[in-house]
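Q: I would like the atomic coordinates for the input below:
(one chain, ligands or ions: 1)
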Amino acid sequence: MCLSPDLKSPLTETRGRESAEGQTLRKEVLSMNVFEQIVEATVAGDKDRCVALAQQAVSQGIDAFQALQEGYTKGMSIVGDKFAAMEYFLPELLTCADAVKAALDVLRPHLGNSLKEGSLGTIVLGTIQGDIHDLGKNIVKTMLQASGFTVHDLGCNVSLRQFVEKATEVNADIIAASAILTTTMAYMPDLASLMKELGVKDKFLFIVGGAPVTPEFAIEAGADGYGKNAVEAVDMAKRLMQEKKKREAK
Ligand code: B12
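A: Alright, predicted model coming up:
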């Protein structure tokens, strides 16, 4: 592990007969350094390094959730900025997301129970009925998972009832529907109507996306949110969850 000169002293000085305070400081310095490396590896989309750093974090007793938040999620947020700035394109986005996914597999058993279930919220996701395009939906799924959401992926060609039934079964916060065909995006308002009919429109937040979907269409469809791409999907899901938590706290 490479340490910058100013980080070296607390480590070397406290080695040997360390006080409890010294040990805490040492762990903090180690963690900071690993987090920085994780951010770098994530932005570089370096899967092997992302996995190795997750293993290093676990073996050093670094909190897995902190590694996820301070390292991988932070890295993915930089990747998202690069994507928005058109410095990164879909292949880079996929590579970075895939690297984080592999690291997540290492960290998952070390996350606490509540965190393992996704600390940010639970989402039921699928490509709507009649539509078998799932590449975009899969990217959205990976990004949501990498950001700390629990995602129940129903796959593609998902019937409207399946969305609602699964959301009820897993007590989801959000139903997220993808449509890539103009013909199938027409089912999105039907899904909102079904949610109303079944009395669950206020129980679940509803977000939509996919190439032909526009913000205007999302509003007309009765959705609570829309995302143009996977990065916006994560931002929207986070924003809606914050608003939900504020409402529940009142
Ligand atoms: C790959 C592809 C296929 C593959 C799908 C493979 C797969 N596993 O997904 C196959 C070959 C199976 C296929 C089949 C068909 N296809 Co096709 N396909 C495409 C193609 C080339 C790329 C789609 C894609 O994957 N894009 C890349 C992903 C990453 O982008 P994305 O899906 O938009 O997802 C992003 C965002 O939209 C957003 N997002 C997506 N979902 C969600 C969800 C939420 C909640 C949020 C917030 C955000 C979000 O985030 C994603 C990541 O950034 C497009 C053309 C194109 N250039 O787009 C045609 C296209 C979509 N297909 C088309 C057609 C017509 C068909 C067929 C009907 C062809 C046929 N005659 O059989 C069938 C449909 C079968 C069916 N019932 O679904 C048309 C649709 C036209 C229209 N206006 O509806 C297109 C546009 C081609 C064209 N120009 O004519 N297709």
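
Q: beyond the top strand by length along the chain, next helix or strand please.
A: When the chain is parsed with DSSP state E, its longest strand is strand 121-127. Going down the chain from strand 121-127, the next helix or strand is helix 135-146, by DSSP states H and E.

Q: helices and strands around that following helix, which ones?
A: Secondary-structure packing of helix 135-146 (3 or more C-beta pairs under 8 Å, 6 or more residues apart in numbering; DSSP states H and E): helix 74-84, helix 90-107, strand 121-127, strand 149-153, strand 174-178, helix 230-249. (Glycine included, C-beta is placed from N, CA and C.)

Q: got the buried residues for it?
A: By 16 or more other C-beta atoms under 10 Å, the buried positions in helix 135-146 come out as 136, 137, 138, 139, 140, 141, 142, 143, 144, 145, 146.

Q: what's it in contact with?
A: By C-beta atoms under 8 Å, 6 or more residues apart in numbering, the residues outside helix 135-146 that reach it are 72-73, 76, 80, 90, 93-94, 97-98, 100-101, 104, 118, 123, 125-127, 151, 153, 156, 176, 178, 180, 209-211, 227, 230-231, 233-234, 237.

Q: contacts with the ligand among those, please.
A: The residues of the contacts of helix 135-146 that also fall near the ligand, by C-beta under 6 Å from any ligand atom, are 90, 176, 178, 180, 209, 210, 211, 227, 230, 233.

Q: from residue 78, how far off is the nearest residue to the third one once chain neighbours are set aside?
A: Spatially, and ignoring its direct neighbours in sequence, residue 178 is nearest to residue 137 (4.1 Å; C-beta to C-beta, 6 or more residues apart in numbering). As defined by C-beta to C-beta, to the nearest Å, residue 137 lies at a distance of 23 Å from residue 78.

Q: now mean pLDDT too, for the helices and strands packed on helix 135-146, in TSV please.
A: Shown next, in TSV, are the helices and strands packed on helix 135-146 (pLDDT from 0 to 100):
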stretch	mean pLDDT
helix 74-84	87
helix 90-107	88
strand 121-127	97
strand 149-153	94
strand 174-178	98
helix 230-249	91
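
Q: re the thing from before, report the buried members of the ones next to the ligand among the contacts of helix 135-146.
A: Here the buried ones among those, as counted with 16+ other C-beta under 10 Å, turn out to be 176, 178, 180, 209, 210, 227, 230, 233.

Q: up against the ligand, what does the chain have?
A: So the chain meets the ligand at 90, 130-137, 139-140, 176-178, 180-182, 207-212, 227, 229-230, 233 (C-beta under 6 Å from any ligand atom).

Q: and the chain, what are its domains?
A: 24-114, 119-249 (automatic domain parsing).

Q: weakest of those domains in terms of mean pLDDT?
A: Lowest mean pLDDT within the domains of the chain: domain 24-114, a mean of 86.

Q: single out the most deeply packed of the helices and strands packed on helix 135-146.
A: Neighbour counts (mean count of other C-beta atoms under 10 Å) averaged over each of the helices and strands packed on helix 135-146 peak at strand 174-178, with a mean of 29.

Q: strand partners (parallel or antiparallel) of it?
A: As defined by DSSP bridges, the strand partners of strand 174-178 come to strand 121-127 (parallel), strand 205-209 (parallel).

Q: export the ones you listed as TSV, with columns for distance to residue 195.
A: Compiled in TSV, those are given as follows (distance: least, C-beta to C-beta, whole Å):
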stretch	distance to residue 195
strand 121-127	12
strand 205-209	7
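
Q: pLDDT score for residue 17?
A: At residue 17, pLDDT is 48.

Q: ah, wrong one, I meant residue 22
A: Reading off the model, residue 22 has pLDDT 65.

Q: what's the closest of the buried residues of helix 135-146 to residue 50?
A: residue 146 (10.6 Å; C-beta to C-beta).

Q: and which of the buried ones among the ones next to the ligand among the contacts of helix 135-146 is nearest the ligand?
A: residue 209 (2.1 Å; C-beta to the nearest ligand atom).

Q: that'll do, ta.
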